[in-house]
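Q: Curious how this folds, go ahead:
(chains A and B)
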Amino acid sequence: MRKLALLTLALVGGLTGTAFAGDQSDFVTVERGRYLAVLGDCAACHTAPGGKPFAGGVPIETPFGRLVGANITPDRETGIGGWSLDEFQRAMSEGVAKGGYHLYGAMPYTAYTKVTAADNAALFAYLKTLDPVHNEVETNQLPFPFNIRLSLFGWNLLNFTKGEYVPDPRQNAEWNRGAYIVEGLAHCGTCHTPKNVMGGDKAGEALRGNVVDGWLAPDITGHAHQGIGKWTTDEFVAYMKDGANRYDIASGPMAEVVEKSSSQWTDADLKAVATYLKSLDGSPAAPPAPLAAADPRMVAGRAIYEDRCSGCHVGQGEGITGLFPKLAAAPLVNNADATSLIRVVLAGSRAGATDARPTGPSMPAFAWNLKDEDVANLLTYVRNSWGNAAPPVKAEAVHELRGEMQP
Amino acid sequence: MATKLPRKDVVVIGLGWAGSIIANELTDEGLDVVAIERGPWRDTARDFNIATAADELRYNQRQELMVRPAQSAITTRNNASQTALPMRNWGSFHPGNGTGGAGNHWAGITFRFGPDDFRLKSYLTEKYGAAAMPEELTLQDWGTDWAEMEPYYASFDRLAGISGKAGNLNGVLQEGGNPFEGPRSEEYPTKPMKQPYGPTLFAEAARKLGYKPFPVPSALLSEAYTNPLGVTMGPCTFCGFCTNYGCANYSKASAITTVLPALVRKSNFTAVTNSEVLRVTLDRSGTRATGVVYVDSSGQEWEQPADLVVVSAFTFENVRLMLLSGVGKPYDPVSNTGTTGRNYCYQTANGVQLFFDDKNFNSFIGGGAVGMGIDEFNNDNFDHSGLGFFGGGSIRVTPIGAAPIASRPTPPGTPRWGSKWKSETQKAYLSTMSIGCEASSYATRGNYLSLDPTYTDRLGRPLLRVTFDFLENDLKMAQFCTSKVGEIARAMGPRQIVERPMKGHWNSAPYQSSHVVGGFVMGTDPTTSSVNKYLQTWDVPNLFVVGASAFPQNPGYNPTGTAAALAFKAADAIRNLYLKAPGALVPA
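A: Below you'll find the predicted structure:
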């Protein structure tokens, strides 16, 4: 019986689709939709760990409170089974759900508005093929007054520009494909673009780095000092596909992005994204001059580095490719913001694992045996040695993050 | 009553080196594999964190990585006239526990056995005549040879990234390597380890005496290495917390640093941990294994049916499971019949300690397989005519790292406590070194493994009983080889040396070596061996028993490389012979 019900649903979905946008049940369309769902990492918010695919329930902590990823399986009552393609298109491009209520920006319609109608149709066709899962999700768990969706009307006026991506005729097809992915489905700016007080993107600072959930989503512009300007296209592709390149290993939230999404992108799309990102101007501010080696903070930091860190990251911060990140000339180390560095020293971190690089090595935690000042001096040393130059880390910053991370 | 689980293609018992290698090979073949491990899942990131891994009390004194004797102990005795008693703390050997098995806390010395070792009985008889063979020895050939084994050794070297210098590449001797090793098809995957002062001094003295020192082949890697499964290892830091510890730096090759990260990603692999296999189940005819019964940590029994059963636990548990499952006939030393438990052998540990006045060895620097060795007095690398014994040992200086609790070298005559002991410790700690000689252990009729008639485990199953004592042959060999080590030691100019050849009876209390081998040996004759050259049991063709339990005797080398090579050998036979024509691969 269950099988039959599924078949009926699929047929209904197919027929509905036909009425609006050609043959949506077509294999090629569905398969394309599946890839687009991977490209957009929809599962990150819509598939709970250990849960049924796309049945929702992933909590998303925002500065304003908790939102929960919706059920987007084709269940009529609790999912999007009753939605039309037009309604889906409107949610993606305008942030307005079936029934006319506004979605919160955690559903990144500010990026998805760039997605073409054809891609939305393919994505919708794919979602319609999923097992419908009956799973009621209370998506809006924000406190008053943020739980009043009407406030989103004003937010949109200030922070949202509707419209499909328009290719830049001065750039080639690869660049435009990269821009379409980055600004659209991949919604990189959701984490990597600095935010204003309302949580909207800061104008003119796209992808220059932003702190989310106690991690720095680093600068991923073409900035040579703190962006990915020094990475070759192949190195960028290796990072996104395998989770590691000669500089770095994906860790924290980015490890999940690699595991669930970018490791499955096509090489052509990864190259396109590299081309686009590397073309972006980073911050115009000149990198700082490195601190003098004789600075007392550097002297203290060096002693800690040699004692506690050099066993893995080796003497000159060269690291071991695929195992221990390179610290010398590494963009993340040179970012103005040191949040991720402080965090991994205090709490440790485990790298992501992919089929190409299954090791999944870890950084141990030092919160229990390094004081705030030790961590600050250590990172100040790392950020100002071997060609690195970045603002010194203050003990207060370590103290603050340590407090935030206490359970 | 056991709850029956859905059938699997293969059930593997134990996730140490052998089980992990075989599970990986068979999942590559597309088979659905479940592995059952009696201990916990172990993982470098969580279990061997660098901030906590260097804990001598926890790992060396309290033996955290070894199986708890309360879960699985051994009873021991020297001969059949005695009553065996259970070991309540591990002493003589250190059986492992959890994924990675004893391969987590091993030293990492990765010798290959010599070509003659695989046909030892034939070789010695051909060379010295049957009359020269001491009567007490029950040596056997393995039923395989160097040409068959070499590709599997190479597979293991590549998997583990072994560091070293070839001494014989395709028959051409190589300067700086071990000239006595069998011809290798390829150089070691990674360069030799750097050498601390002690091994360097030893190598200089050995060279002056005309010997050919070489870097000990090491599973602690000299440089970063990514293996064929894509798993990356880092260079050893010589931290000195190595043997008996897990490696925090991803430098010591083990199943958890080379195989399991790739294996767990496969959808056709399942690991069941903290679950102990009670027995292999056979059909009524007793010629077909139907699966295994295991008990989980809640005491619940499960039956796991499978088409193929691979037993790849530690030597002791391999043999015990076969005895408990009724596979093969238990060995009886009186009638010299039966095969399960036969040819149990060990390793003969010898050493010479050197006390200097004017040297600083920085003894805290080291690793289990960091060092220099010579092979002139191993196996039959020297003429045994008229010596009255066979065998020999690997002579080497491998400073494992002098941790503060266990390493307190003092010259003979020093009080065991008090201010004199303290001052002598201070004097000797940095200026003392030792030369080891890990020597052969040959089989004899009275050394064997059997089920204990008195003592049982928590589940009511008999413990395994070890009946073992050193042979006259091996003690003579120990005396001879240790005297040769003494000559080298004296050439190094110490103030005092202490020679410690193995003497007297085997004592289960002091640590000697975890190299327990045999008891379910491979060979060509079903009346004197348990498995054929493919590690397939003679009586039950869909049951393979893999590990050092298959060695008919132990040469003067560490066994892990050979146990792992046998795992590759068995997996290859299953993939390329057994699956095409399930049944006995060698006619009995």
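Q: For A:L7, give me the pLDDT.
A: A:L7 carries a pLDDT value of 35.
Q: can you tell me which residues contact residue 389?
A: I'll assume chain A. For A:A389, the residues meeting the contact criterion (C-beta atoms under 8 Å, 6 or more residues apart in numbering or on different chains) are A:225, A:287-290, A:334, A:383. (C-beta placed from N, C-alpha, C; glycine too.)
Q: wait, I meant chain B there
A: Neighbour list for B:F389: B:134, B:472-474, B:476-477, B:480 [criterion: C-beta under 8 Å, 6+ apart].
Q: mind running it again at 6 Å?
A: B:F389 makes contact with B:473, B:476-477 under the criterion C-beta atoms under 6 Å, 6 or more residues apart in numbering or on different chains.
Q: where does B:Q353 land in three-state SS?
A: Secondary structure assignment for B:Q353 (DSSP: H, G, I helix; E, B strand; the rest coil): strand.
Q: Burial check on the residue in the stretch 1-150 of chain B that chain A sits nearest to, number of neighbours?
A: Nearest residue of the stretch 1-150 of chain B to chain A: B:A45, at 3.3 Å (C-beta to the nearest C-beta). The local packing of B:A45 (other C-beta atoms under 10 Å in any protein chain shown) involves 20 other residues.
Q: which residues touch whatever residue of the stretch 401-550 of chain B ends up closest to chain A?
A: Proximity of the stretch 401-550 of chain B to chain A (C-beta to the nearest C-beta) peaks at B:G401, 13.9 Å away. Contact analysis of B:G401 by C-beta under 6 Å, 6+ apart lists B:240, B:242, B:366.
Q: now do A:L277
A: A:I220.
Q: Could you report the separation of it from A:E259?
A: Distance, A:L277 to A:E259, by C-beta to C-beta, to the nearest Å: 20 Å.
Q: Then B:L169?
A: Distance of B:L169 to A:E259, given as C-beta to C-beta: 42 Å.
Q: now B:T287
A: B:T287 sits 46 Å away from A:E259, going by C-beta to C-beta.
Q: So the two - more neighbours on which side?
A: Neighbours were counted for B:T287 and for A:E259 using other C-beta under 10 Å; A:E259 has more, 17 against 14.
Q: give me the element that one is part of.
A: A:E259 belongs to helix A:253-260 when assigned by DSSP states H and E.
Q: Quick check: buried residues in that helix?
A: Within helix A:253-260, the residues scored as buried using 16 or more other C-beta atoms under 10 Å in any protein chain shown are A:254-255, A:257-260.
Q: Take those and lay them out in TSV including pLDDT.
A: Shown next, in TSV, are the buried residues of helix A:253-260 (pLDDT from 0 to 100):
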residue	pLDDT
A:M254	95
A:A255	94
A:V257	95
A:V258	96
A:E259	93
A:K260	93
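Q: Go back to these and keep what's next to chain B.
A: Checking these against chain B by C-beta under 6 Å from any C-beta of the partner chain, not one of them is in range.
Q: Just the closest of the residues you listed to chain B, please.
A: Nearest member of these to chain B, counting by C-beta to the nearest C-beta, is A:E259, at 10.6 Å.
Q: Test my guess that B:G176 contacts B:G167.
A: No. Under the criterion of C-beta atoms under 6 Å, B:G176 is not in contact with B:G167, lying 7.8 Å apart.
Q: higher neighbour count, these two?
A: With neighbours defined as other C-beta under 10 Å, B:G176 and B:G167 compare such that B:G167 has more, 21 against 13.
Q: ranges for the helices of the stretch 301-450 of chain B?
A: In the stretch 301-450 of chain B, the helices defined using DSSP state H, counting those that start in this stretch lie at B:315-325, B:418-429.
Q: looking at the sheet around the residue of chain A found nearest chain B, what are its partners?
A: In chain A, the residue that lies nearest chain B is A:S362 (3.3 Å; C-beta to the nearest C-beta). Listed by DSSP bridges, the beta-bridge partners for A:S362 are A:R350.
Q: neighbours around it, how many?
A: A count of neighbours around A:S362, defined by other C-beta under 10 Å, yields 21.
Q: hey, where'd the helices end up in the stretch 201-350 of chain A?
A: Going by DSSP H, counting those that start in this stretch, the stretch 201-350 of chain A shows helices at A:233-242, A:253-260, A:267-279, A:296-304, A:310-313, A:331-334, A:339-347.
Q: hey, which of those is tucked in deepest?
A: Of these, the one with the most neighbours on average (mean count of other C-beta atoms under 10 Å in any protein chain shown) is helix A:331-334, at a mean of 24.
Q: wait, what's in contact with A:N159?
A: With contact set as C-beta under 6 Å, 6+ apart, A:N159 has these partners: A:G200.
Q: remind me which residues of chain B are low pLDDT?
A: Nowhere does chain B drop to pLDDT under 70.
Q: longest single strand anywhere in it?
A: Taking DSSP state E as the criterion, chain B has its longest strand at strand B:301-311.
Q: That one packs against which elements?
A: strand B:8-13, strand B:289-295, strand B:543-545 (3 or more C-beta pairs under 6 Å, 6 or more residues apart in numbering or on different chains; DSSP states H and E).
Q: which residues touch the second one?
A: Defining contact as C-beta under 6 Å, 6+ apart, one finds that strand B:289-295 is touched by B:2, B:11, B:36, B:275-283, B:301-306, B:309, B:540, B:542-543.
Q: by how many degrees do that strand and strand B:301-311 diverge?
A: Interaxial angle of strand B:289-295 relative to strand B:301-311 (axes from the mean of the first three to the mean of the last three C-alpha atoms, to 10 degrees): 130 degrees.
Q: Can you list the strands that strand B:289-295 pairs with?
A: When DSSP bridges is applied, strand B:289-295 pairs with strand B:276-282 (antiparallel), strand B:301-311 (antiparallel).
Q: And for residue 363, the neighbour number?
A: Let's take chain A. Residues lying near A:M363 (other C-beta under 10 Å) number 22.
Q: my bad, chain B
A: Neighbours around B:S363, by other C-beta under 10 Å: 24.
Q: got it, and B:D283?
A: Neighbour count of B:D283, defined by other C-beta under 10 Å: 10.
Q: try B:G100
A: Neighbourhood size, B:G100 [other C-beta under 10 Å]: 32.
Q: Determine which stretch of the helices and strands packed on strand B:301-311 is the most buried.
A: Compared across these, strand B:543-545 shows the largest average neighbour count, a mean of 28 (mean count of other C-beta under 10 Å).
Q: what does it rub up against?
A: Contact with strand B:543-545 is made by B:289, B:309-311, B:318, B:520, B:531, B:535-537, B:570, as judged by C-beta under 6 Å, 6+ apart.
Q: Between those, identify the one with the most neighbours.
A: When neighbours are counted by other C-beta under 10 Å, B:F520 leads the contacts of strand B:543-545 with 34 neighbours.
Q: Surely B:V498 is within a helix?
A: No. Counting by three-state DSSP, B:V498 is not found in a helix; it is strand.
Q: residues near residue 126, how many?
A: Using chain A. Close neighbours of A:Y126, defined as other C-beta under 10 Å, add up to 21.
Q: The chain in question should be chain B.
A: Per other C-beta under 10 Å, the neighbour tally for B:E126 reads 11.
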